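S.K.: Sharing a model prediction with you, sequence too.
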Amino acid sequence: GGCLRRQGGQAIKSLHDMGSLAWPSLLSTVFAYVAWLLARRAMLRRAALRMPRMEPRQVAGRMARGEPFVFVDVRGPGSGIRQHIPGANHAFPDARLLARLLPADRQVHLVIYCDCPDDVPAARVAEMLRRQGWRPHVLAGGWAAWRAAGLPVEPVPAARPRAAPGGTAGPAAGRLPAGA
């Protein structure tokens, strides 16, 4: 508390010492910071749009044909997560946990999803995985699109299961329930 009070006092004194230049300097600094935040957000959005995507119905169709999928749920802890895609592994961007959840077989389709409207968190994780030699896809529209498509969901267990020994995502990963 004392440190913040001291720094705040120094900032006010500096503004006072600047006289008539204080407000224009402060406003231009705030404007530059906001412009930087907006430019950064636009760059992240563009990067997210460059990642390969799969539509929920496309994923479900390929799963129904027996193609193997592993889902990685990167929704944040503040999302109040109660359900997820059947067999999904939750790894809110934690690289060590994510490494343990990935299957040994790199031919498995990795589908990363989040609940952000622009899929930016999922795209960030997908980009990280791409740099590690994986071929991940972002679930287009994320969790909301999966739900809107009426595809199956399951409750998240109270204690989320960790990866099986050997880095596999477990036997239930990426399987739609019978009759889905």
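M.R.: In hand now; what should we look at? Numbering: from 1, shown residues only.

S.K.: Contacts only, for residue 130.
M.R.: 51, 136 (C-beta atoms under 8 Å, 6 or more residues apart in numbering). In this view, the C-beta of every residue, glycine as well, is placed from N, C-alpha and C.

S.K.: what's downstream of the helix or strand harbouring it, the next helix or strand?
M.R.: Taking DSSP states H and E as the definition, residue 130 sits inside helix 120-131. Toward the C-terminus, helix 120-131 is succeeded by strand 136-139 as the next helix or strand (DSSP H and E).

S.K.: quick one: strands adjacent to that next one?
M.R.: strand 53-54 (parallel), strand 109-113 (parallel) (DSSP bridges).

S.K.: Contacts for the shortest one, please.
M.R.: Judged by C-beta under 8 Å, 6+ apart, the contacts made with strand 53-54 from elsewhere in the structure are 109, 111, 119, 137, 138, 139, 140.

S.K.: which two in those residues are spaced the farthest apart?
M.R.: 109 and 119 (16.5 Å; C-beta to C-beta).

S.K.: Tell me which of these two has more neighbours.
M.R.: The neighbour comparison of residue 109 against residue 119 (other C-beta atoms under 10 Å) goes to residue 119, with 26 against 17.

S.K.: hmm, back to that, in the helix holding residue 130, what counts as buried?
M.R.: Buried residues in helix 120-131, counting neighbours by 16 or more other C-beta atoms under 10 Å, are found at 120, 121, 122, 123, 124, 125, 126, 127, 129.

S.K.: could you give the angle of that helix to strand 109-113?
M.R.: Inter-element angle recorded for helix 120-131 and strand 109-113: 150 degrees (by axes from the mean of the first three to the mean of the last three C-alpha atoms, to 10 degrees).

S.K.: so how far is helix 120-131 from its chain's centroid?
M.R.: 8 Å (C-alpha atoms, centre = their mean, to the nearest Å).
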